[in-house]
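Structural data only, the sequence is not supplied:
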Ligand SMILES: Nc1nc(=O)c2c([nH]1)NC[C@@H]1CN(c3ccc(C(=O)N[C@@H](CCC(=O)O)C(=O)O)cc3)CN21
Ligand SMILES: O=c1ccn([C@H]2C[C@H](O)[C@@H](COP(=O)(O)O)O2)c(=O)[nH]1
């Protein structure tokens, strides 16, 4: 995770201060890329304990096409609470666009099923793309997608994934995003009989909120340890059949959690 720590340091030391929608204030850079070799261990921060349970449940919730926070709440995950309406709805966010992107004729497109079919039948395709950025729906969403487009690539029996993230809360959101897309790549690889390759993380506005600076200083003062290993139940061959119990993060030795306020 040295790439991640280097990015925190770079933005802290050389970023530009800007106002932002939430009124908190940020320091940012525009445009950056990181690459994680998924065979080198599972990319989670060892300099701050991550709540992997929230990350796994959120990913399963996206894949189920769900956009109401009830499932998350039932599983003790609170990360979307601030954005939901009184019924728990978030509007047509990630799950909706991934699994049932609306078409002009009243139908829907299941982009994830389409992606699985393409990876299996046409692995050299350069069109292995999922987009959550539905221009016609953006104004109906509680929050327009931050991780808005991703593409897969198959070579030498390995599956790689690149994400374009338009807006990135480096201290709170990004460790979640790295772990989530790394896990998605591993799950996709398993059900397509491929090995996991790289997760490439490309950023637009990569920012540190001004009220996260002390936490960043604390994290950067710590020495990183070895990456843990993600064990996935090898019997699952259907992407939509994974459950929380199918994942086990082994040998995760992390320094204590560092709490930080989320900008709403
Ligand atoms: N400002 C902001 N940052 C984000 O990262 C973010 C949003 N807004 N809005 C929508 C989603 C929700 N996501 C979130 C929201 C909160 C945490 C958070 O508070 N994380 C805590 C622990 C929370 C837990 O798992 O219980 C952390 O310390 O990582 C993380 C991601 C990512 N997104
Ligand atoms: O997965 C996510 C979701 C959200 N974020 C962050 C990035 C920004 O700090 C806010 C979104 O605010 P906008 O004004 O819509 O850009 O949420 C993230 O890092 N990762």
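Looks like it came in fine. Source: prediction; values computed, not measured. Numbering: from 1, shown residues only. Ligands and ions are numbered 1, 2, ... in the order given.

In the stretch 1-150 of the chain, what residue comes closest to ligand 2?
residue 146 (3.6 Å; Cβ to the nearest ligand atom). Yep, even glycine has a C-beta here, placed from its N, CA and C like the rest.

for that residue, what are its contacts?
By Cβ atoms under 8 Å, 6 or more residues apart in numbering, the contact list for residue 146 reads 165-168, 173, 177.

What segments of the stretch 51-200 of the chain are strands?
101-102, 108-109, 129-131, 147-155, 158-169, 195-209 (DSSP state E, counting those that start in this stretch).

The last one pairs with which strands?
Counting by DSSP bridges, the strands paired with strand 195-209 are strand 26-37 (antiparallel), strand 158-169 (parallel).

Highest mean neighbour count out of those?
Comparing the strands paired with strand 195-209 by mean neighbour count (mean count of other Cβ atoms under 10 Å), strand 158-169 ranks first with a mean of 21.

Relative to ligand 1, which of the strands of the stretch 51-200 of the chain is closest?
strand 158-169 (3.5 Å).

contacting residues around that closest one?
119, 133, 145-154, 174, 177, 181, 184-185, 188-189, 192, 194-207, 209, 262-263.

Repeat that for stretch 44-59.
With contacts defined as Cβ under 8 Å, 6+ apart, stretch 44-59 is touched by 1, 4-5, 71-72, 75-80, 175-176, 178-180, 183-184, 219-220, 222-228, 244, 247, 249, 252-258.

List buried residues within these.
Among the contacts of stretch 44-59, the ones that count as buried by 16 or more other Cβ atoms under 10 Å are 1, 4-5, 71-72, 77, 79-80, 175-176, 178-180, 183-184, 219, 222, 227-228, 247, 249, 252, 254-255, 258.

so how far is ligand 1 from residue 10?
19 Å (Cβ to the nearest ligand atom, to the nearest Å).

just residue 43 next, same as before
From residue 43 to ligand 1 the distance is 15 Å (Cβ to the nearest ligand atom).

Find the residue at the geometric middle of the chain.
Nearest to the geometric centre of the chain sits residue 177, at 2.6 Å (Cα atoms, centre = their mean).

residues contacting the closest residue to that one other than its chain neighbours?
Distances taken as Cβ to Cβ, 6 or more residues apart in numbering place residue 147 nearest to residue 177, at 5.6 Å, with adjacent residues excluded. The contact partners of residue 147, by Cβ under 8 Å, 6+ apart, come to 94, 132, 163-165, 177, 180-181.

packing partners for the longest helix along the chain?
With residue count as the measure and DSSP state H as the assignment, the chain has helix 173-191 as its longest helix. For helix 173-191, the packing partners by 3 or more Cβ pairs under 8 Å, 6 or more residues apart in numbering; DSSP states H and E come out as helix 2-14, strand 26-37, helix 52-63, helix 111-121, strand 147-155, strand 158-169, strand 195-209, strand 229-232.

what inclination does that helix have with respect to strand 26-37?
Relative orientation of helix 173-191 and strand 26-37, computed by axes from the mean of the first three to the mean of the last three Cα atoms, to 10 degrees: 20 degrees.

any weak-confidence spans in this structure?
Along the chain, the model assigns pLDDT under 70 to no residue.

Ligand 1 contacts on that one?
51, 54, 78-80, 83, 143, 169, 172-173, 176, 259, 262-263 (Cβ under 6 Å from any ligand atom).

which of these lies closest to residue 65?
residue 80 (15.1 Å; Cβ to Cβ).

Now that that closest one has come up, it's in contact with residue 71, right?
No: between residue 80 and residue 71 no contact is recorded; they are 10.3 Å apart, counting by Cβ atoms under 8 Å.

residues from the protein in reach of ligand 2?
21, 143-144, 146-147, 167-169, 173-174, 177, 263.

Many thanks, we can stop here.
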